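Q: need coordinates for the below:
(one chain, ligands or ions: 1)
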Amino acid sequence: MKVTKADIVISAVKPAQYPEGNLPEIALAGRSNVGKSSFINKILNRKSLARISSKPGKTQTLNFFLINDIIHFVDVPGYGYAKVSKTEREAWGKMIETYFTTREQLKATVLVVDLRHEPTNDDVMMYNFLKHYEIPVIVVATKADKIPKGKWQKHLKVVKEALDIAEGDEIVLFSSETGLGKDEAWKAIYRFAGL
Ligand code: GDP
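A: Purely as a prediction, here's the structure:
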């Protein structure tokens, strides 16, 4: 889709702060440093929109973006960063659990993983958590430009098997460097958002 408008509407920590209205919503989750911000910026054609408080050490918030006035993206703070304290991790857990279990507008979650490596235990836990709450998942396997084309299918298979991807979910090969997978990612987002 041609993105003409993409703005942050709020950084929320609790439901009272979530935007009102009934726009379909897509959440974006992933391990810290996996390439989630780059994915968001790439598909929105923006240079540095998704950066605000997404880095470890910064306030952990759910960042809501309004795209073309028709859909919200919700950037979920990254997980799996070793240096985060137990208290911070617990606060993160509570915040995302509340969001994922109560937000009716949520249509699907993009789970960004690294195509180069087998998904981590944290990745598997996040995927299972989403499946437990019956949230559709679009797995985006990014950094494809870092491995030769001839190995893509083999790596995709490893990701699929480690996550045990459920029927109906999608997996998209992606690169924020080259833009590979951009149309396919949008297509999946559109399908789940009912647009
Ligand atoms: P985040 O913490 O998940 O938001 O990760 P970032 O988007 O900040 O990316 C982490 C690092 O990976 C940065 O140095 C990016 O430039 C790099 N990166 C992200 N996506 C890609 C990609 O598709 N290809 C390559 N080669 N590098 C990437």
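Q: mean confidence score for the top helix by length along the chain?
A: The single longest helix within the chain, with elements called by DSSP state H, is helix 86-102. For helix 86-102, mean pLDDT is 91.
Q: which SSE is immediately downstream of it?
A: Once the chain leaves helix 86-102, the next helix or strand it forms, by DSSP states H and E, is strand 106-114.
Q: which residues of the chain lie near the ligand?
A: Proximity of the chain to the ligand (C-beta under 6 Å from any ligand atom) is limited to residues 30, 32-38, 54, 78, 142-143, 145-146, 175-177. C-beta here means a position set from N, CA and C on the backbone, and glycine is covered the same way.
Q: what helices or strands is the helix or strand of the chain with the lowest mean pLDDT leaning on?
A: Among the helices and strands of the chain, helix 86-102 carries the lowest confidence by mean pLDDT, DSSP states H and E, at a mean of 91. Packing contacts for helix 86-102, counted by 3 or more C-beta pairs under 8 Å, 6 or more residues apart in numbering; DSSP states H and E, involve strand 25-30, strand 62-67, strand 106-114.
Q: any chance of CSV for these, columns mean pLDDT?
A: Formatted as CSV, these follow (pLDDT from 0 to 100):
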stretch, mean pLDDT
strand 25-30, 97
strand 62-67, 96
strand 106-114, 98
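Q: quick one: the strands in the protein, in order.
A: 6-12, 25-30, 62-67, 71-75, 106-114, 137-142, 170-173 (DSSP state E).
Q: adding mean neighbour count, write the ones you listed out as JSON lines.
A: Listed next are the strands of the chain as JSON lines, based on neighbours: other C-beta atoms under 10 Å:
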{"stretch": "strand 6-12", "mean neighbour count": "14"}
{"stretch": "strand 25-30", "mean neighbour count": "24"}
{"stretch": "strand 62-67", "mean neighbour count": "21"}
{"stretch": "strand 71-75", "mean neighbour count": "23"}
{"stretch": "strand 106-114", "mean neighbour count": "25"}
{"stretch": "strand 137-142", "mean neighbour count": "25"}
{"stretch": "strand 170-173", "mean neighbour count": "21"}
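Q: could you export the ones you listed as CSV, including distance to Ser85?
A: CSV is the format used below for those (distance: least, C-beta to C-beta, whole Å):
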stretch, distance to Ser85
strand 6-12, 20
strand 25-30, 20
strand 62-67, 20
strand 71-75, 22
strand 106-114, 24
strand 137-142, 28
strand 170-173, 33
